[in-house]
Structure formats: structure tokens, C-alpha cells
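K.L.:
sharing a sequence plus its predicted fold:
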Amino acid sequence: MASSLLKTLIKSSNLPSTTRNLTAVANQISEHTAKWMQDVSKKSPMELINEVPPIKVEGRIVACEGDSNPALGHPIEFICLDLKEPAICKYCGLRYVQDHHH
């Protein structure tokens, strides 16, 4: 799948920009997505990340890296936790909430 997509991209990029046709690429991507969505036995990535409960932190700011191993994570995102609802990392979807000690 990836190799045919790459070939289509290369063919498309060799054309002048005014005649570049990305329809074939879009069709391959949508076919791949439709095939993936047919398997209802597997959960989507969003369903899996939503099963992770919000992570409680003491401070007002959290630095999300996506994983404790930097090779598996994402760029650091500093997230402000001033709101009552959990704050969501834009890269990995992990949710954080401030743990208030009263």
C-alpha cells in the first residue's frame, strides 16, 4: 500500500504544478481508511486513548512528551491546567487535570 502511494506521489510531483493531479492519492488514502474502518473488532486510536484516565498532576503546567522514552514520544508540549475540564495534548491525546489538595 505504502509503495503504491509513494509511486503515485512521485508521478504526481513530476508533473507541472498546474497539472498535478492528487486525486489518485486521495482515492488511495480513502480506500485505505475505508478498509481499516471495516474491521470493527479493533478499536480506533481515539477509542484507545480515551480509555486512559486523565493524569493528575500537582502543578498548573504539565510538559507532555507522549512517552517516557523520547524516541517513542513527540515534541514537548507545555499544557496549562487552569480550567476545570481536563486539558488534552494536541499530539497524543493524553488528558491532564490539576490535582487540587484542599
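P.N.:
That came through fine.
K.L.:
residues near L81, how many?
P.N.:
Neighbour count of L81, defined by other C-beta atoms under 10 Å: 19. For the C-beta atoms, the positions are set from N, CA and C on the backbone; glycine is no exception.
K.L.:
then L83?
P.N.:
Using other C-beta under 10 Å, L83 is surrounded by 9 other residues.
K.L.:
F78 in helix, strand or coil?
P.N.:
strand (DSSP: H, G, I helix; E, B strand; the rest coil).
K.L.:
swap in L48?
P.N.:
helix.
K.L.:
begin at 40, not 1, for the rest of this chat.
P.N.:
I'll keep to 40 as the first residue from here, and by that count the last item is L87.
K.L.:
my read is that V101 contacts D121, right?
P.N.:
No - at 11.6 Å, V101 and D121 do not qualify as touching, with contact defined as C-beta atoms under 8 Å.
K.L.:
more neighbours, the two?
P.N.:
Using other C-beta under 10 Å as the criterion, V101 and D121 rank with V101 on top: 20 against 8.
K.L.:
please name every helix or strand in contact with the helix or strand harbouring that one.
P.N.:
Assigned by DSSP states H and E, V101 belongs to strand 100-103. Strand 100-103 is packed against strand 116-119, with contacts defined by 3 or more C-beta pairs under 8 Å, 6 or more residues apart in numbering; DSSP states H and E.
K.L.:
list the strands paired with the strand it packs on, with their directions.
P.N.:
With DSSP bridges as the test, strand 116-119 is paired with strand 100-103 (antiparallel).
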